[in-house]
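K.L.:
give me the fold of what follows.
(2 chains)
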2 protein chains.
Amino acid sequence: VTAGPDLPPTVGIVGGGQLARMLLPAAARLDLPVVLLAAADDAAAPFCRALITGVPDAAGLRALAEACDVLTVEHELVDLDALETLEAEGHVVRPSAATLRVATDKVRQRELLGPAGVPVAPWCVARQVDDVVAFAGEHGWPLVLKRPRGGYDGRGVYVARDADQAREVLAEVDGPVLVEPQLPLQHELAVLAVRRPGGEVALYPPVLTDQQDGMCREVLAPAPLPDRHVEEAQRIARMVVETVGVVGILAIELFLSGDRILLNELAARPHNAGHVTIEGSATSQFENHLRAVADLPLGSTRSLAPAVMVNVVGVEDDPRGHLADALAVDEVHVHLYGKGFRPGRKLGHVTAVGPDLDGALDRARRAAAALDHGDPS
Amino acid sequence: VTAGPDLPPTVGIVGGGQLARMLLPAAARLDLPVVLLAAADDAAAPFCRALITGVPDAAGLRALAEACDVLTVEHELVDLDALETLEAEGHVVRPSAATLRVATDKVRQRELLGPAGVPVAPWCVARQVDDVVAFAGEHGWPLVLKRPRGGYDGRGVYVARDADQAREVLAEVDGPVLVEPQLPLQHELAVLAVRRPGGEVALYPPVLTDQQDGMCREVLAPAPLPDRHVEEAQRIARMVVETVGVVGILAIELFLSGDRILLNELAARPHNAGHVTIEGSATSQFENHLRAVADLPLGSTRSLAPAVMVNVVGVEDDPRGHLADALAVDEVHVHLYGKGFRPGRKLGHVTAVGPDLDGALDRARRAAAALDHGDPS
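P.N.:
Numbers count the residues shown, from 1 in each chain, chains lettered A, B, ... in the order given. This is a model prediction of the structure:
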């Protein structure tokens, strides 16, 4: 709406959490105008040039679309039918509603990507306990049952050790579940890819993600893995990007099980596994997401040095009260999201870069611990 | 005003230009609350949590002081008497009004720092042309005549080749001028220092600053100079910081003339010579200024790699129209300040980091040129 023939587009962002909060400085640096659709007390709301107060329903999305040239998302809890209507009317949505339908549905991901050659674990969709028992007959217990949509940070993922437990999960989910064997996992990996509308793609080096109770806790970048695993992860990521045809950042979460790398799930937005790129890479995931969405040349995804990110998840105290203790740790980058303290809530993260992964991990852990409960010494 | 016993203070920033615009993301990352005193259309105004619309006169400064726990400045065109009154009433001002009086007056700088052992060129204060002629009798023509206060980006600096030219300058300045010999300059340098209230000091490595018509155009960091010059610059910087007793960033601009390093001038705020620290140093000058002002531990000033900054100064076109051309240059960091195009105006800067100064300089120059007039190829 503000864009002249040569001026960059106004970007509308759906959502005002920490991802939007980290997108905003990247947009300001490039002087890309941004409009946010968020609640007034969201983490990013105080820092944006223009705020539309609302939720991502049909009305909110329409208001945002009318205030911007290109619409993107920082979370996926969006009314996709409304988004499709806006696309049909000519509004530019990146990633598209079609991409978001894939990225928000673990069953669709497998239906689409399995036949395209992406390695996936055996799976089925179970509507009743007999389906689960039949799958167990082939693959054994325990099984992992997942809500196909809406889960994140470990929510919506269950382990069933027998038919009774499977029945309980089905009752709780109250709908079809995705069933997979519980794999012996060495590692969880993520590859962040970024794609421009014309097809230009850049991949960040694979990272190792350490999960606890399904929530990302630590990221090591680049992943300290043998070349063959790194190359296989990149091969899979490239296949996924080409098949999905995203615009913007696509986070491709993978399992390393035995000697095989398998698809876990996708997210079509900047991702926790990519926060480490702010200081650890030549171009951050946030800037590259905006470059892609605004159809500008992508920036280098080169890793500058071994880097580590540790999430600050609320346990004891509000980290704002322990900032001095954390900053007393040398060479760490403290990011706080301005969110109120609640046990188990992601409140921030700490990144440390170089000279090696062990040193960086030690510093980042000490600062993250200090943010939670004070002096690390 | 918002700070509890353990919570970080609310920082009030006087000014809304590009320096404030770059301070704000550093504050957001640490979740330091910020209030800005600025005009509504200033570069930083759209990005702050809380804005007081106004100018830095007695009323504006009081309104800001009452809304924050600690007040700092991003420019020095501030009513210092009013600031002193606020200090006397118990408001915390960092740097202090006394420091700002030194940092805004080239004559005071010499009066204070010369006797403290800081090398300065011969100088005098001239009120009439006879004073200049007498100084020329000792040091020869041409001479450099400087407005003691209020000059920046080369404004307020004049060269006089004879008594007639000196008379013209005195008539224009309409007040006393600082007179110095025109030194044979090899280089201009800057050392950024940062000091906490308790006395903790950190120095960034000296940088080379390339000036054109008195305006900073390029910065090479760290300065590619022999060790003895680097050490001498650091020795002088440390002496200056201890004597001035600043809180926050102090930019110490120096001349390298012959084999001597001499004081040029000071600025008690983040400085153009330090923009390169955003991507080139372990902690940016903006974060360290805020850490010092909020009395938090200082961050490492280590240089990550040879780095170059090139200012984007308006010549042909609005850089917003050439963003794609600039981003097509690999591994550059484009910073646009959101200021309207005007020839000669600083509109942004480009930083390039590593692997060596020559490569970084080439990339940063190409991107800066592209921002001004399009495709660099």
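K.L.:
surely residue A:40 meets residue A:53?
P.N.:
Yes. In this structure, residue A:40 is within contact of residue A:53 by C-beta atoms under 8 Å, at 5.3 Å. For the C-beta atoms, the positions are set from N, CA and C on the backbone; glycine is no exception.
K.L.:
which one of the two is surrounded by more residues?
P.N.:
residue A:53 (15 against 10; other C-beta atoms under 10 Å in any protein chain shown).
K.L.:
pull the contacting residues for the more buried one.
P.N.:
Residue A:53 sits next to A:38, A:39, A:40 when contact means C-beta atoms under 8 Å, 6 or more residues apart in numbering or on different chains.
K.L.:
tell me, which of those residues make contact with chain B?
P.N.:
For chain B, no contacts are drawn from the contacts of residue A:53 by C-beta under 8 Å from any C-beta of the partner chain.
K.L.:
CSV for those residues, including distance to residue B:253, secondary structure and pLDDT?
P.N.:
Below are the contacts of residue A:53 laid out as CSV (distance: C-beta to C-beta, whole Å; DSSP: H, G, I helix; E, B strand; the rest coil; pLDDT from 0 to 100):
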residue, distance to residue B:253, secondary structure, pLDDT
A:38, 43, strand, 97
A:39, 46, coil, 96
A:40, 44, coil, 94
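K.L.:
got a pLDDT number for the residue most central in space within chain A?
P.N.:
Centrality entry for chain A: nearest residue to the mean C-alpha point is residue A:271, 2.8 Å, by C-alpha atoms, centre = their mean. As predicted, residue A:271 sits at a pLDDT of 97.
K.L.:
nearest spatial neighbour of it, chain-adjacent residues omitted?
P.N.:
Spatially, and ignoring its direct neighbours in sequence, residue A:271 is nearest to residue A:251 (3.4 Å; C-beta to C-beta, 6 or more residues apart in numbering or on different chains).
K.L.:
part of a helix, is that neighbour?
P.N.:
No. In this structure, residue A:251 is strand, not part of a helix, as judged by DSSP: H, G, I helix; E, B strand; the rest coil.
K.L.:
can you pull up the bridge partners for it?
P.N.:
Counting by DSSP bridges, residue A:251 is bridged to residue A:192, residue A:267.
K.L.:
roughly how far does it sit from chain B?
P.N.:
Counting by C-beta to the nearest C-beta, to the nearest Å, the gap from residue A:251 to chain B is 22 Å.
K.L.:
how confident was the prediction at that residue?
P.N.:
The model's pLDDT for residue A:251 equals 98.
K.L.:
surely it touches residue A:269?
P.N.:
Yes. Contact status for residue A:251 versus residue A:269: in contact at 7.4 Å, counting by C-beta under 8 Å.
K.L.:
neighbour count winner among these two?
P.N.:
Neighbour count, other C-beta under 10 Å: between residue A:251 and residue A:269, residue A:269 has more, with 27 against 24.
K.L.:
hang on, that one packs against residue A:73?
P.N.:
Yes. Counting by C-beta under 8 Å, residue A:269 does reach residue A:73; the two are 5.7 Å apart.
K.L.:
need the overlap of contacts for the two.
P.N.:
Common neighbours of residue A:269 and residue A:73 (criterion: C-beta under 8 Å, 6+ apart): residue A:95.
K.L.:
the stretch 1-150 of chain A against chain B: which residues are in contact?
P.N.:
Proximity of the stretch 1-150 of chain A to chain B, by C-beta under 8 Å from any C-beta, involves residues A:4, A:6-8, A:21, A:24-25, A:28-31, A:46-50.
K.L.:
which one of the contacts of residue A:53 is nearest residue B:86?
P.N.:
Closest approach to residue B:86 among the contacts of residue A:53 (C-beta to C-beta): residue A:40, at 31.6 Å.
K.L.:
can you tell me which residues contact that closest one?
P.N.:
A:51, A:53.
K.L.:
how much space separates it from residue A:54?
P.N.:
The gap separating residue A:40 from residue A:54 is 10 Å, by C-beta to C-beta, to the nearest Å.
K.L.:
check residue A:23 too.
P.N.:
Taken as C-beta to C-beta, the span from residue A:23 to residue A:54 is 18 Å.
K.L.:
do stretch A:193-200 and chain B meet?
P.N.:
No. Taking C-beta under 8 Å from any C-beta as the criterion, stretch A:193-200 and chain B are apart, separated by no less than 10.9 Å.
K.L.:
sorry, back to before: out of residue A:23 and residue A:54, which sits in the more crowded spot?
P.N.:
A count of neighbours by other C-beta under 10 Å puts residue A:23 above the other of residue A:23 and residue A:54, at 29 against 17.
K.L.:
only C-alpha atoms, please: export the host helix or strand of that one in PDB.
P.N.:
Per DSSP states H and E: residue A:23 is located in helix A:18-29. Presented in PDB, the C-alpha positions along helix A:18-29 are these (Å, rounded to 0.1, in the frame of the first residue of the first chain):
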ATOM      1  CA  GLN A  18       9.000 -13.200  20.400                       C
ATOM      2  CA  LEU A  19       9.400 -14.200  16.700                       C
ATOM      3  CA  ALA A  20       7.700 -10.900  15.700                       C
ATOM      4  CA  ARG A  21       9.800  -9.100  18.300                       C
ATOM      5  CA  MET A  22      12.900 -10.400  16.700                       C
ATOM      6  CA  LEU A  23      11.600  -9.700  13.100                       C
ATOM      7  CA  LEU A  24      11.000  -6.000  13.900                       C
ATOM      8  CA  PRO A  25      14.700  -4.900  14.400                       C
ATOM      9  CA  ALA A  26      15.600  -6.700  11.100                       C
ATOM     10  CA  ALA A  27      12.800  -4.800   9.400                       C
ATOM     11  CA  ALA A  28      13.800  -1.500  10.900                       C
ATOM     12  CA  ARG A  29      17.400  -1.900   9.800                       C
END
